[in-house]
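J.: A predicted structure for the sequence below; I have some questions about it.
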Amino acid sequence: MSPESARIDSPTTPAVDGTRIAYQVRGEGPPLVLLAGQANNHHWWDGIRERFTGRRTITLDWRGVGDSDKPDGLYSTPVLAADVVAVLDALGVDRADVYGTSMGGRVAQHLAIDHPDRVGRLVLGCTSPGGPNAVHRDPAVTRSLGGPGPEALRALLELMYTPRWLAENPGPYQVVGDERMTPVSRRGHLRASNRHDAWAELPRVQAPTLILHGSDDLMTPVANAELLHGLIRGSELAVLPGSRHAFFHEFADVVTPRVQEFLG
């Protein structure tokens, strides 16, 4: 069994509302929280977390996915941020660096806004400030994800990865959603991501911030990276040419060292 596919213990801890949140810890060193995308569990980071040597990496299964409880309601990016805080409390971690991608980047924004004392350095990947001022994907992209199962999966993969990478990597893929999700929790994740709006609050972010994005991302258009850069004072921006939504995975050889350099 490869290191990235090895089973990691997933203890649980109660969130504020009692929902049990599963989390996973690997490695030793300064804590780094890795936050996955919408409708995905901690396996989103398989093959990447191992690259953060000298770090204690912390992941979690969002409420509604993986080994966490799957409640009927209470899905929003501030609620998910509070779930991350519950995991940090369970681990006795006062402050951690945070790397969030896609919906995980939206949640990471609220971590830095609502819980500034818990965030050291912040990395936001392929994400958006949300709300009416954000740049939304083309409606045709959204429609492509609503087709029959095989067609929707292919559309999602093509949004995530370049054709060359897909041709060379037949799968399995860890960024296409958790099959154990209930329809209710899937709708909850979609609602949390779509209703995210941190625009007015992002100037309050105090954590040193690195913003990363793929130049060819059609899922979350790259213009959102520029918006985040303008809203978060002193932030750094890096756009990876020729990459799509899962740039952090496909181009990990370039991206992860850049993140490590920023985190120090």
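T.: Done, it's in.

J.: In contact with Gly100, which residues?
T.: Contacts for Gly100 (Cβ atoms under 8 Å, 6 or more residues apart in numbering) come out as 33-35, 106-109, 111, 123-125, 127. Using the backbone N, CA and C atoms, a C-beta is placed for each residue, glycine as well.

J.: and with 10 Å instead?
T.: By Cβ atoms under 10 Å, 6 or more residues apart in numbering, the contact list for Gly100 reads 33-37, 81, 84, 106-112, 122-127.

J.: same question, Gly131
T.: Neighbour list for Gly131: 195-200 [criterion: Cβ under 10 Å, 6+ apart].

J.: Go through these and name the one nearest Ser102.
T.: Closest approach between those and Ser102, by Cβ to Cβ: His196, at 11.0 Å.

J.: Show only the entries of the contacts of Gly100 found in strands.
T.: 33-35, 122-125 (DSSP state E).

J.: which among those gets closest to Asp46?
T.: For these, the nearest to Asp46 is Leu34 (10.7 Å; Cβ to Cβ).

J.: so how far is Asn169 from that closest one?
T.: 21 Å (Cβ to Cβ, to the nearest Å).

J.: so how far is the helix ranked longest in the chain off the chain centroid?
T.: The longest helix of the chain (DSSP state H) is helix 77-91. Computed by Cα atoms, centre = their mean, to the nearest Å, the chain-centroid distance of helix 77-91 equals 14 Å.

J.: Now that helix - C-alpha only, PDB.
T.: Extracted C-alpha coordinates of helix 77-91, given in PDB (Å, rounded to 0.1, in the frame of the first residue of the first chain):
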ATOM      1  CA  THR A  77     -18.700  28.600   5.200                       C
ATOM      2  CA  PRO A  78     -18.700  30.300   8.600                       C
ATOM      3  CA  VAL A  79     -20.100  27.000  10.200                       C
ATOM      4  CA  LEU A  80     -17.500  25.000   8.400                       C
ATOM      5  CA  ALA A  81     -14.800  27.400   9.700                       C
ATOM      6  CA  ALA A  82     -16.100  26.800  13.200                       C
ATOM      7  CA  ASP A  83     -15.800  23.100  12.600                       C
ATOM      8  CA  VAL A  84     -12.100  23.600  11.800                       C
ATOM      9  CA  VAL A  85     -11.700  25.500  15.100                       C
ATOM     10  CA  ALA A  86     -13.300  22.600  17.000                       C
ATOM     11  CA  VAL A  87     -10.700  20.200  15.500                       C
ATOM     12  CA  LEU A  88      -7.900  22.600  16.500                       C
ATOM     13  CA  ASP A  89      -9.300  22.700  20.000                       C
ATOM     14  CA  ALA A  90      -9.400  18.900  20.200                       C
ATOM     15  CA  LEU A  91      -5.800  18.800  19.200                       C
END
